[in-house]
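*Asks:* Whatever this is, show me its structure:
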Amino acid sequence: MPEFLPLITPAIFAFAFAVTVLGGFVKGTVGFAMPLIMISGMGILIPPELVVAGIIIPIVISNGLQVARSGVGHAKTAFKEHWRYVLVVCVMILVSAQFVRSIPSDTMFIVLGVPVVGLSLIQLVGWRPRITPQWRRPFEWVAGGLAGILGGLAGTWGPPTVLYLIALNTPRDRQMSVQGVIYGLGSVMLLLGHLQSGILNAQTWSFSAALVLPALIGMWMGFRLGDRFDQDRFRRVTLWILIIAGANLIRRGVMG
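*Replies:* Numbering: from 1, shown residues only. Here you go, the predicted structure:
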């Protein structure tokens with residue numbers, strides 16, 4: 001029997017499987033939100049620490065595929081341009097991941113829910129920050145630090161990265177390459193950080209590994225069917241669902 005079954009029933013695993021397929025589908029369709037969907041969805045029935053453990057290996061694999069799709073040459077160019085942001089994101093993911101196990105469960109629901117709601121609202125209203133060239137370097141350090149803290153605690157450094165690239169007025173055709181590098185390296189740091197923190201351990205790694213298959217199934221469906229959807233409408237519906245799910249996590253944290 002898989003090692004995660006003492007922690008989670010087959011019925012709840014089936015629920016996690018379905019949530020992960022949905023997350024992969026959205027990522028394949030619009031290119032974002034898989035960790036947010038997995039956190040907000042699985043958090044309805046699954047303990048926070050196990051939710052964080054569950055997203056790790058699917059994130060590593062899916063982001064590795066994104067880097068491969070964007071091409072190694074583009075990845076090198078993206079890293080040279082944004083190495084400061086990448087560095088501080090990776091360092092802060094490693095550092096903040098060590099604090100997850102010290103956070104009480106009720107507080108952890110709030111830690112998971114607030115970024116989901118906040119980042120979804122920011123994208124929904126279409127806020128587009130702008131940074132002038134003279135402020136770029138301090139902005140890279142500060143934005144990278146905040147993204148890394150969210151990444152280590154909740155696995156959600158993707159939306160802050162999108163806002164960072166928008167603020168720098170990065171051309172759309174280059175954003176995917178840059179995101180691939182940041183997500184790919186960040187996910188490796190998340191893996192290493194939670195191996196060190198103990199979140200990913202002998203009991204939880206198999207649960208996380210088992211969610212790779214539904215993530216890939218969902219991404220494949222998203223790649224195949226994405227062109228059939230109104231991208232903007234699908235994105236807005238997804239964000240509203242995330243806001244509702246994230247608000248439920250916050251409610252659980254506040255009410256206990």
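
*Asks:* what residues are up against the residue nearest to residue 188 when sequence neighbours are not counted?
*Replies:* Excluding its sequence neighbours, the residue lying closest to residue 188 (C-beta to C-beta, 6 or more residues apart in numbering) is residue 60, at 6.5 Å. Placement of C-beta: from N, CA and C, glycine included. When contacts are counted by C-beta atoms under 8 Å, 6 or more residues apart in numbering, residue 60 touches 187-188, 190-191.

*Asks:* Torsion angles phi and psi at residue 60?
*Replies:* phi -60, psi -50 (degrees, to the nearest 10).

*Asks:* what residues does stretch 117-127 touch?
*Replies:* Stretch 117-127 is contacted from outside by 36, 156, 159-160, 162-163, 235-236, 239-240, 242-243, 246-247, 250, using C-beta under 8 Å, 6+ apart.

*Asks:* do that again at 7 Å, thanks
*Replies:* For stretch 117-127, the external contacting residues (C-beta atoms under 7 Å, 6 or more residues apart in numbering) are 156, 159, 163, 236, 239, 242-243, 246-247, 250.

*Asks:* mind listing the helices for the stretch 51-200 of the chain?
*Replies:* Secondary structure of the stretch 51-200 of the chain (DSSP state H, counting those that start in this stretch): helices at 72-97, 105-125, 136-154, 158-167, 172-197.

*Asks:* For residue 98, give its distance to residue 77.
*Replies:* 32 Å (C-beta to C-beta, to the nearest Å).

*Asks:* With residue 251 instead?
*Replies:* 44 Å.

*Asks:* and what of residue 26?
*Replies:* On the measure of C-beta to C-beta, residue 26 and residue 77 end up 28 Å apart.

*Asks:* which one of these two has more residues nearby?
*Replies:* Neighbour totals were compared for residue 26 and residue 77, and residue 26 leads with 25 against 15 (other C-beta atoms under 10 Å).

*Asks:* what's the nearest residue to the more buried one if we skip its chain neighbours?
*Replies:* Nearest residue to residue 26, sequence neighbours excluded (C-beta to C-beta, 6+ apart): residue 33, at 4.9 Å.

*Asks:* and that neighbour, how many neighbours?
*Replies:* So residue 33, with other C-beta under 10 Å, has 26 neighbours.

*Asks:* Contacts only, for it.
*Replies:* Residue 33 neighbours (C-beta under 7 Å, 6+ apart): 23, 26-27, 238, 242.

*Asks:* Report the two of these separated the most.
*Replies:* Spatial extent of the contacts of residue 33 (C-beta to C-beta) is set by the pair 27 and 242 at 12.8 Å.
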